[in-house]
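**Q** Everything below, folded, please.
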Amino acid sequence: MTDQQPAIDLNRKFVRLIERRPDGFVEFEFAIGDPELFAEMLLPADAYEAFCTTNEVIQLGPRDESAESEGSEWNWSLHQATHQRFR
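**A** Prediction:
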């Protein structure tokens with residue numbers, strides 16, 4: 001029996017905008033192949049636009065944070081950690 005997993009297309013790149021900050025930086029999630037496996041990144045606005053263009057990203061909509069907060073106490077992002085206190 002073979003265990004076949006779906007192929008991940010490394011040519012598909014995803015960006016989910018988190019916040020355009022008042023200091024001119026843009027916080028966003030960047031993923032390759034699978035939008036659920038991402039790195040949180042921070043770039044100046046012009047560099048963010050160039051990054052998206054260069055990588056030909058697929059723009060994702062905002063996360064449903066209410067659904068995610070119900071999961072686990074370990075389910076948090078760096079953005080959330082910088083904007084709230086944890087127990």
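**Q** Following element in sequence after the lengthiest helix in the chain, please.
**A** When the chain is parsed with DSSP state H, its longest helix is helix 45-55. Under the assignment DSSP states H and E, the closest C-terminal helix or strand after helix 45-55 is strand 58-60.
**Q** average model confidence for that next one?
**A** If you average the pLDDT over strand 58-60, you get 97.
**Q** again, but for stretch 19-38
**A** Stretch 19-38 comes out with an average pLDDT of 96.
**Q** Would you mind pulling the contact partners of it?
**A** Stretch 19-38 has contacts (Cβ atoms under 8 Å, 6 or more residues apart in numbering) with 8-10, 12-18, 39-45, 48, 55, 57-58, 60, 79. (C-beta placed from N, C-alpha, C; glycine too.)
**Q** and the end-to-end length of that stretch?
**A** Start and end residues of stretch 19-38 are separated by 16 Å (Cα to Cα, to the nearest Å).
**Q** and residue 46, how many neighbours?
**A** The burial count assigned to residue 46 is 10, neighbours taken as other Cβ atoms under 10 Å.
**Q** which non-adjacent residue is nearest residue 56?
**A** Nearest non-adjacent residue to residue 56, counting by Cβ to Cβ, 6 or more residues apart in numbering: residue 13, 6.8 Å away.
**Q** any idea how far that neighbour is from residue 4?
**A** Separation of residue 13 from residue 4 (Cβ to Cβ, to the nearest Å) stands at 24 Å.
**Q** ok, those two, which is more surrounded?
**A** Using other Cβ under 10 Å as the criterion, residue 13 and residue 4 rank with residue 13 on top: 18 against 6.
**Q** List the contacts of the more buried one.
**A** Residue 13 touches 30-32, 55-58, counting by Cβ under 8 Å, 6+ apart.
**Q** now, the most widely separated pair of the residues you listed?
**A** Greatest spacing in those, by Cβ to Cβ: 31 and 56 (13.5 Å).
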